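[1] Pasting a predicted model and its sequence here:
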Amino acid sequence: MEVSLLSILFLGFVLGIKHAIEPDHVIAVSTIASQSKKLSRASLAGVFWGIGHTATLFIVGIILILMKDEIPLKWELSLEFIVGIMLVYLGITTIISFKNIHRHKHDEVPHHYLHSHKHSGQHEHQHKKKVSYTKSLLIGLVHGLAGSGAMVLLTMSTVKTVWEGAIYIVVFGMGTVVGMLFFTTIIGIPFALSAKKRSLNRPLAQLTGIISTVFGIYYMYTLGITEGLFKLWIN
């Protein structure tokens, strides 16, 4: 009996959730969640990651399906290698950011000049929130680009028409949004609870940065040596 399109789309949604919790995805978004003092902001970081991821998958996926072509292995591994570089960058910047936090010591140093400190703090808070969401979106875009090759192969082996392929990718993307929303919420809980306890929050965040850096290096090594990326480019 022929499998219905609805069943295929349901499978795509489930696979999207599973895809969202791959180690490189979770680790990358964790660096954003670690800097969120509110759980809702950590959750939204996951949503923006999913939006960026889906956008890239959809655009690249539809183009490749229309062309009935695949991404060459050399380029597919190269895009994955970029993910490794991104993980190292996110890890290092996360570690450094907690070393450069500005401290206001109002009790020790009195202010003898008039200024609107509340307004300034609010502006910085809003700016940081926008930057976090933008970064999450960009991370999702990179991950989507790196995973577009496998997505196209999965789509072409599952559906019969371009129209069905487009719907499948969108539903798959919805699954990644739901999956990442769920896991960034869980990841964000310890950071939200320890937001006012600097002695606990800072080590947790820096640990996240260290994990991202180490995993990124390992990821690049695996692609370059084990998967033979360097040989492909040399030859």
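    Sure thing, it's come through. As the structure is a prediction and not an experimental result, all values here were calculated from the model. Residues are numbered from 1 along each chain as shown.
[2] what residues does stretch 160-178 touch?
    Outside stretch 160-178, the residues that touch it by CB atoms under 8 Å, 6 or more residues apart in numbering are 5, 8-9, 12-20, 46-47, 50-51, 53-54, 57-58, 61-62, 65-66, 151, 155-156, 158-159. For glycine as for every other residue, the C-beta is placed from the backbone atoms N, C-alpha and C.
[3] Filter those down to the buried ones.
    Buried members of those, scored by 16 or more other CB atoms under 10 Å, are 8-9, 12-13, 15-17, 19-20, 46-47, 50-51, 53-54, 57-58, 61-62, 65, 151, 155-156, 158-159.
[4] Leu138 and Leu90, how far apart?
    10 Å (CB to CB, to the nearest Å).
[5] likewise Leu193?
    23 Å.
[6] Repeat that for Phe10.
    Using CB to CB, Phe10 is found at 33 Å from Leu90.
[7] Looking at these two, which one has more neighbours?
    Leu90 (23 against 13; other CB atoms under 10 Å).
[8] For the more buried one, which residues are in contact?
    28, 31, 139, 209, 212, 216.
[9] and these, which two are the farthest apart?
    Maximum pairwise distance among those (CB to CB): 14.4 Å, between Ile139 and Gly209.
[10] how about the helices in this structure?
    Under the criterion DSSP state H, the chain contains helices at 5-20, 23-33, 39-67, 73-97, 117-146, 148-156, 162-193, 198-221, 229-234.
[11] Could you tell me the least trusted of these?
    Among the helices of the chain, helix 117-146 carries the lowest mean pLDDT, at a mean of 69.
[12] and the closest residue to Leu181 other than its chain neighbours, what does it touch?
    Among residues not flanking Leu181 along the chain, Gly46 sits closest, at 4.7 Å (CB to CB, 6 or more residues apart in numbering). Counting by CB under 8 Å, 6+ apart, Gly46 makes contact with 29, 33, 136, 177, 180-185.
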